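Undergrad: Mind folding the following:
(chains A and B)
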Amino acid sequence: MTANILIVDDELDMLALLAMIVSEKTDHKVTTTNNPLEVVQFVKKGDFDLVISDLKMPGMNGIELAGEIRKIDKNIPILVITAYASIESAEEAVSKGVYDYITKPFRKEQILIAINRALEWKNMRSELEKLRGQGKEG
Amino acid sequence: MRRLLNIFRRKVVAPKPVQEEGRPFKERYVYFKRLLSENNTVLEIMADMEEKLSGEYIFDMNYVRTSCSKLVDSVQNIIVNLDKLSKGKYPNLYFAFAKINSKIEATLTNKTEIPVTDFTIPFDSVTKDMVNSVGGKNANLGEIKNKIGLPVPEGFCITAYAFKKFIEFNDLKNKIILSSVDIVDMEGLNRISREARDLIMNSQIPPDIESSISNAFSELSRKISSRAGSPTASVRSSAIHEDAKFTFAGQYKTALNVKADNVIENYKRVISSLFNTRAIFYYKSKGFEEEDMVMAVGVVEMIDAKASGVMYSSDPTDAEKNDIIINAVWGLGKYAVDGTVAPNVYIVSRDEPRTILEKTTPVQEVMLKCNPKEDVVEVEVPEEIRAASCLTDDQIKFLADYALVLEKHYNIPQDIEWVLDEKNKFFILQTRPLRILKEKPVKNIQAITDGYKILINKGQIACKGVGAGKVFFVKNDEDLQKFPEGAVLVAKHTSPKFVKVMNKASAIVADVGGITGHMASLSREYNVPTLLDTQVAMKTLEAGKEITVDAINGNIYEGRIEELIEAGKRENPFKDTAVFKFLRALLNNIVPLKLIDPEDEKFSPDYCETFHDITRFAHEVAMKEMFQIADSPNIPNIRKREAVKIEVKIPLEIYVIDLDGGIKSDSKKITPDQILSIPMNALLQGMMAMEWPGPPPINVKGFFSVIASTTMQPHSEKLLWEPSFAIISREYMNFNIRLGYHIQTVEAFVGDNINDNYVRFLFKGGGASIDRRARRTRLIKEILELTDFDVKRTGDVLDARVTKYDKSNLLKKLGILARLTAYTKQLDMTLFNDAMVDWYIKEFLSKYYTEDWE
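TA: Residues are numbered from 1 along each chain as shown, chains lettered A, B, ... in the order given. Down below sits the predicted model:
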């Protein structure tokens, strides 16, 4: 399955590395931005299946970002990337609706696995909604 | 050491309470253990950081900084503990540490001294080495002009030193307070940024700088007057760290078409852009230092472009394509860079003859041009050229040549800004390394199972890669001397000495050893594919046979497998990122190991150049310090009160002094089963399982040789009756065995971490004549070598050591040592010729030499 993934990180190196890994090892389509303030516009316009975001960014942190995204679409899973030292805020993020977090440094494989799981979750959620919809109709 | 002995001697003269005397051992053991533990921490952190260089990991600056600070702490702790253990014997280690640490600090903070220069420097005298004075962009322009000889506009630099003086003159360092803002507070960041920029705009340029700028501009006007009536310039940022550590591209201000009168004002405007919100965020969050906030500026002749654009000497999305890519717009290049208009795109072959492979020329409605007086203005592109190509085919090919000249000079693909003036002359405005983001398609290196024979399929990968060559066994130093180019080094265990041949070895395989060891680290530094802990390589592989070591999947194949070798050769583009370069620069002061051979006279704190050197040195001398612990003259004084006698059915009187968890009971006499010390237990069990030789000299000549020898040594009588002492803990043993006429010391540390583990065996003396004693040392040496000990023999003194084996292996070796001890007791009496030595070696090997001997 080919998914649309939005990657947000203010550190351009990280952004480039993440984009490189995903586009190299998967067939997913990657959009990147280093400005968290643009994300809401992106999510409104684009049809994204997953958002990967740094937790600490200027202007808007990953938790706020997740809140904004969920206002637009509750079914988009959000993966946050964080330094090991900030693991508590990562846990807080998960408690506030972020799908999962990954601590830096991580192996390339780790992010790919996390992406797969997040996309599976999204599919299941869509299926569920469909079934619920059918239930109501019925 | 003499000082140390004196301290002990003094204590013997005036005995203190029992605990006081016992304490030095315990204390020193505590320091030793701490040192070992810190040693492991250092090795683990180093291995972890080096692993990040493999390209398999994603990490950030924060990771590098945190790892570094942990490392600094641990290395410091090693030195402090060694200091206490050795009672201040190595004060120079502190100096070595300070020296290395300051280099690491400098890399971490990226503090570059701002060189004292003139306030302005004309492009004519600039080269790329002057980056700290004039910034990257200016330095490259100077290089192109003066070293490569391609046309660039005239201009001059306002230096970093001028910036520094400007900040000082206005006391801006104390006025711009960046520390109070919270990085998540975007409002606050914006406010601080605005305040800082206002402060700069309202500050005065020192008069001497102002006059220097104004003189430089007059000189510039004189040079370019032939090209323009009333010359104007662009004022461009040229930050010191731009493109080096973080990417700041496009974040700083550029002022176009500025008149002489307004240069100062625009200079301030450009340097104030250094304090934009994003830069302050980096400053706050990524450990940017205030010293990093430095900017040089370029004042560059304004060329009213007919056309301009950007070109890449290589395709950034696919370096294998062999294309040059040129973008072009009508008018000034700003519109090509910021995407206001769709540019012409030309794709040109890098191969000769230069051919234009593709040409796209969209219609361009508007363009940016210089206003006749000042500033720039958007105008309509004249109707007749709107749809036309900005450059002719000849011009395209001509420009493409420039790209290759620049790439060749810098030896790396370039990202170039160019401009074409109204007289159809090209100028280069900027060149910098091109970021090629797309990795070559990754070949997934699969283990090959078909058609090739796998000889070994286990081991730990210490350095990833694939190497092939002929098997060459290294068993001692002489083997290293003979090591052939391109061979695969195969050894029983790892040794930092292998570094001598790492430039020749195509791969390294060892049966024992771990990935955090010193040698593993060297392998990674030299990038030699290395497979450790293979267990059976010495037995399985054959000398001179070609093999392929796949240290990616962890297999060794028979023969040479080209497809694996080829697949192992891939370059990694991650390594071009700033964070990688940062890590690599730091590791240069951390990982390379220069102190390899403890026998070398340069094995001293004065020659420590990296943290690894310090760690290795400290570990080595700490072991030495511990080994000498039993030599202490106050042992006899302690023994009666502190020591515990072991009731054991062998002809030895053994006392133990417990440092920490070495025995179960606190009675004065214990049985062997109450020994908890792992190495002591192994040794005792081995000794008890042997049948000890009866009264020795049957041969009369041998007996007289003993008598003659002892009469010449006044204290020998006493030695015969001397008890043996062992200082032990749960993992440690320092056992001084008195066996009739000779002394042997067995020291061992046997724990769970193989980096800590070692057995050292020192053997000296004997009652027989020197030739018989020498025969016995030969016998012991040969057997120890078979047991993987590294043995040094000087006369009748043997010093043998084995390090970094896991617990079960070391215990087996201690067992062999115990049996050898019993076996060779007084053997020297019977060794009346060399053939006897061979006979006894054979007998020992056949009867007692098996690692699983029970």
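Undergrad: so how far is the helix or strand hosting residue A:6 off the chain centroid?
TA: According to DSSP states H and E, residue A:6 maps onto strand A:4-8. Remark: strand A:4-8 is offset 7 Å from the chain centroid, using C-alpha atoms, centre = their mean, to the nearest Å.
Undergrad: those strands in chain A, which residues are they?
TA: A:4-8, A:29-33, A:50-54, A:78-83, A:100-104, A:106-107 (DSSP state E).
Undergrad: just checking, what packs against the strand holding residue A:6?
TA: Applying 3 or more C-beta pairs under 8 Å, 6 or more residues apart in numbering or on different chains; DSSP states H and E, we find strand A:4-8 packed against helix A:12-25, strand A:29-33, helix A:39-45, strand A:50-54. For every residue, glycine as well, the C-beta is placed using N, CA and C.
Undergrad: List the neighbouring strands of that strand plus their orientation.
TA: Strand A:4-8 sits in its sheet next to strand A:29-33 (parallel), strand A:50-54 (parallel), going by DSSP bridges.
Undergrad: What's the local residue count around the residue of chain B found nearest chain A?
TA: Nearest residue of chain B to chain A (C-beta to the nearest C-beta) works out as residue B:59 at 3.3 Å. Number of residues near residue B:59 (other C-beta atoms under 10 Å in any protein chain shown) recorded here: 22.
Undergrad: quick revisit: okay, the helices and strands packed on strand A:4-8, which one's buried deepest?
TA: The highest average neighbour count among those, using mean count of other C-beta atoms under 10 Å in any protein chain shown, belongs to strand A:50-54 at a mean of 25.
Undergrad: Now do it and strand A:100-104, the angle between them.
TA: Angle, strand A:50-54 to strand A:100-104, by axes from the mean of the first three to the mean of the last three C-alpha atoms, to 10 degrees: 40 degrees.
Undergrad: what sits up against strand A:50-54?
TA: When contacts are defined by C-beta atoms under 8 Å, 6 or more residues apart in numbering or on different chains, strand A:50-54 is touched by residues A:3-11, A:14, A:18, A:36, A:39, A:43, A:62, A:65-66, A:69, A:76-82, A:111, A:115, A:118-119, A:122.
Undergrad: any chance of the helices and strands packed on strand A:4-8 in a markdown table, plus mean pLDDT and distance to residue B:534?
TA: Output for the helices and strands packed on strand A:4-8, formatted as a markdown table (pLDDT from 0 to 100; distance: least, C-beta to C-beta, whole Å):
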| stretch | mean pLDDT | distance to residue B:534 |
| --- | --- | --- |
| helix A:12-25 | 80 | 31 |
| strand A:29-33 | 86 | 41 |
| helix A:39-45 | 86 | 50 |
| strand A:50-54 | 93 | 40 |
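Undergrad: Nearest to residue B:52 among the ones you listed would be which one?
TA: In terms of C-beta to C-beta, the element of these nearest to residue B:52 is helix A:12-25, at 12.1 Å.
Undergrad: Show me what that closest one is packed against.
TA: Going by 3+ C-beta pairs under 8 Å, 6+ apart, helix A:12-25 lies up against strand A:4-8, strand A:29-33, helix A:108-137, strand B:57-58, helix B:578-587.
Undergrad: ok and the last one relative to helix A:12-25, angle-wise?
TA: The directions of helix B:578-587 and helix A:12-25 differ by 110 degrees, with the same axes, to 10 degrees as the criterion.
Undergrad: What residues sit buried inside helix B:578-587?
TA: The neighbour-count check on helix B:578-587 (16 or more other C-beta atoms under 10 Å in any protein chain shown) flags B:578, B:579, B:580, B:582, B:583, B:585, B:586, B:587 as buried.
Undergrad: of those, closest to residue B:117?
TA: If you rank the buried residues of helix B:578-587 by distance to residue B:117 using C-beta to C-beta, residue B:585 comes first, at 24.8 Å.
Undergrad: Over to the residue nearest in space to the middle of chain B. Which of the three states is it?
TA: Centroid-nearest residue in chain B, with C-alpha atoms, centre = their mean: residue B:591, separated by 2.7 Å. What DSSP: H, G, I helix; E, B strand; the rest coil gives for residue B:591 is coil.
Undergrad: ok, residue B:661 to residue B:667 distance?
TA: 16 Å (C-beta to C-beta, to the nearest Å).
Undergrad: In the chain, what helix or strand scores lowest on average pLDDT?
TA: Answering for chain A, as no chain was given. When each helix and strand of chain A is scored by mean pLDDT, DSSP states H and E, helix A:12-25 comes last, with a mean of 80.
Undergrad: actually it's chain B I care about, not the one you picked
TA: Every helix and strand in chain B was compared by mean pLDDT, DSSP H and E; the lowest is helix B:2-13, with a mean of 35.
Undergrad: shaky segments in chain A?
TA: A:84-85, A:136-138 (pLDDT under 70).
Undergrad: Which single residue of chain A approaches chain B most closely?
TA: For chain A, C-beta to the nearest C-beta, closest residue to chain B: residue A:105, 3.3 Å.
Undergrad: tally of neighbours for residue 63?
TA: All of this refers to chain A. 22.
Undergrad: that's the other chain; I wanted chain B
TA: Using other C-beta under 10 Å as the criterion, residue B:63 is surrounded by 22 other residues.
Undergrad: my read: it touches residue A:105, true?
TA: Yes - if you go by C-beta atoms under 8 Å, residue B:63 and residue A:105 touch, sitting 5.0 Å apart.
Undergrad: Now the closest residue to residue B:758 other than its chain neighbours: phi and psi?
TA: Spatial nearest neighbour of residue B:758, excluding adjacent residues (C-beta to C-beta, 6 or more residues apart in numbering or on different chains): residue B:803 at 4.2 Å. Main-chain torsions, residue B:803, degrees, to the nearest 10: phi -130, psi 160.
Undergrad: who's in contact with residue B:803?
TA: B:493, B:757, B:758.
Undergrad: Any chance of TSV for the residues you listed, columns neighbour count and distance to residue B:141?
TA: Below are the contacts of residue B:803 laid out as TSV (neighbours: other C-beta atoms under 10 Å in any protein chain shown; distance: C-beta to C-beta, whole Å):
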residue	neighbour count	distance to residue B:141
B:493	20	56
B:757	22	59
B:758	18	59
